[in-house]
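>>> Below is the sequence, then the predicted model.
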Amino acid sequence: MDEIYKRLAVKLGYPDSKYISKIFEYATTPRQAKILEALNKAPEPALTAEQLSEKLGLDADVIKQELEDLFHKGLVFPRNFQDRREWRFGKSAMQLHDATISGWRRFRDPEKLYDLWHDYDEHEGYRAYGKDYAAAPAPIMRIIPAWQSVADDPNLQPWEDWRQILKSKPLISVVDCPCRLEVRACKRPVEVCLDFDRTAEYDIASGHGRKLSYEEALDIMEKAARSGLVHTAVNDANVTLMCNCCNDCCVEFQTLEKCNIPLSQHYAKSRYEASVNQDLCNGCQDCVDNCNFDAITMAKSPGSKKLKAQVDPEACYGCGCCFMVCEQKAISMKCVRTASQVPSVKT
């Protein structure tokens, strides 16, 4: 059976990986491994249980049961999440990373699953992701500020206002953050990854996540930002998903750090920048603790004996997390960049 797990790693596109086969071995039974091997990858046709039955010589009803289990584990993907008749094999390690960890409830020992993925990332994954990030011609992701921090700004646009973004989504779901479950380097909230539309359908059908109301989604985002989690989305005006990330656990932050890739290569700053009113700042340092970009330091302010917060404009990515914890209201967010910096924005 060891060989079939190695073949599954090859099928996924990682023939030299020492870790992907171990993940398959832990996550599947021998019969499930045979079913995975028989499935096609996109763009090849998805297969039904009946077609797999002919290929494998197994009862179609048994295969249907196994496919359901594999679906909830995050290892197979139906074309239609409702009828679940036609199935495909996964596209990449990153897809299986997120899907299997999100399916942690289906595993007898989720901690072992997290450890296996962490071993993969530490020894292979971060380097692989880093190659893609370094080769990208423009930032793949963008920072979108906490909506409370920019709520009253007249420059605020619908594609950077979470209230408007969420109102435009007919279906919203939330799943536990796969990165935070895997790395376990901080105690920030875990149920914080929001998906929309078809991805939200997948989350709900697979049992990986739950459906959210508009108000529930805003509440999750507020709590995330107050805890120091940065709102990120694909660098486009059309927001298709959102993550709440920290530099302790996030696969993307960790990749950039371990591969010595500048943050600016992967993340586009928001159009906003934090500013501190020295007269209002009391030197509590809560903003320093809530900043993932090391953009705030404490320094002597003229006419005061206290150290007060100062923002480095070059380092600030405009996430607004500092604003969220400033009880003195000493921090404000100023619009310093044009709308044209966001791809597909019509100006």
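Yep, it's here. Numbers count the residues shown, from 1 in each chain.

>>> next one: stretch 30-46 to chain centre, how far?
Taking Cα atoms, centre = their mean, to the nearest Å, one finds stretch 30-46 lying 26 Å from the centre of the chain it belongs to.

>>> Restricting to C-alpha, output that stretch in PDB.
Listed next in PDB are the C-alpha coordinates belonging to stretch 30-46 (Å, rounded to 0.1, in the frame of the first residue of the first chain):
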ATOM      1  CA  PRO A  30      -6.600   1.600   1.400                       C
ATOM      2  CA  ARG A  31     -10.000   1.400  -0.500                       C
ATOM      3  CA  GLN A  32     -10.300   5.200  -0.500                       C
ATOM      4  CA  ALA A  33      -6.800   5.500  -1.800                       C
ATOM      5  CA  LYS A  34      -7.700   3.300  -4.800                       C
ATOM      6  CA  ILE A  35     -10.800   5.500  -5.500                       C
ATOM      7  CA  LEU A  36      -8.600   8.600  -5.400                       C
ATOM      8  CA  GLU A  37      -6.200   7.000  -7.800                       C
ATOM      9  CA  ALA A  38      -9.000   6.200 -10.200                       C
ATOM     10  CA  LEU A  39     -10.400   9.700 -10.300                       C
ATOM     11  CA  ASN A  40      -9.500  12.300 -12.900                       C
ATOM     12  CA  LYS A  41      -8.000  15.700 -12.300                       C
ATOM     13  CA  ALA A  42      -9.500  18.800 -14.000                       C
ATOM     14  CA  PRO A  43      -9.900  19.500 -16.900                       C
ATOM     15  CA  GLU A  44     -10.400  15.700 -17.500                       C
ATOM     16  CA  PRO A  45     -14.000  14.600 -17.100                       C
ATOM     17  CA  ALA A  46     -15.400  14.100 -13.600                       C
END
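
>>> Which of the residues in that stretch are classified as buried?
32, 33, 34, 35, 36, 37, 38, 39, 46 (16 or more other Cβ atoms under 10 Å). Quick note: C-beta positions are derived from backbone N, CA and C, even for glycine.

>>> what's the answer for stretch 201-221, then?
201-206, 208-209, 212, 217-218, 220-221.

>>> from the residues you listed, which single one is nearest residue 182?
Using Cβ to Cβ, residue 208 comes nearest to residue 182 of the buried residues of stretch 201-221, at 14.7 Å.

>>> my read: the closest one touches residue 101, true?
No: under the criterion of Cβ atoms under 8 Å, residue 208 makes no contact with residue 101, lying 9.1 Å away.

>>> shared neighbours, the two?
residue 74 (Cβ atoms under 8 Å, 6 or more residues apart in numbering).

>>> What distance do you get for the nearest residue to residue 280 once chain neighbours are set aside to residue 297?
Spatial nearest neighbour of residue 280, excluding adjacent residues (Cβ to Cβ, 6 or more residues apart in numbering): residue 330 at 3.7 Å. According to Cβ to Cβ, to the nearest Å, residue 330 and residue 297 sit 15 Å apart.

>>> What are the structural domain limits within this structure?
1-91, 93-142+166-261, 269-340 (automatic domain parsing).

>>> Among those domains, which comes closest to residue 153?
It's domain 269-340; of the domains of the chain, that one is closest to residue 153 (Cβ to Cβ) at 6.0 Å.
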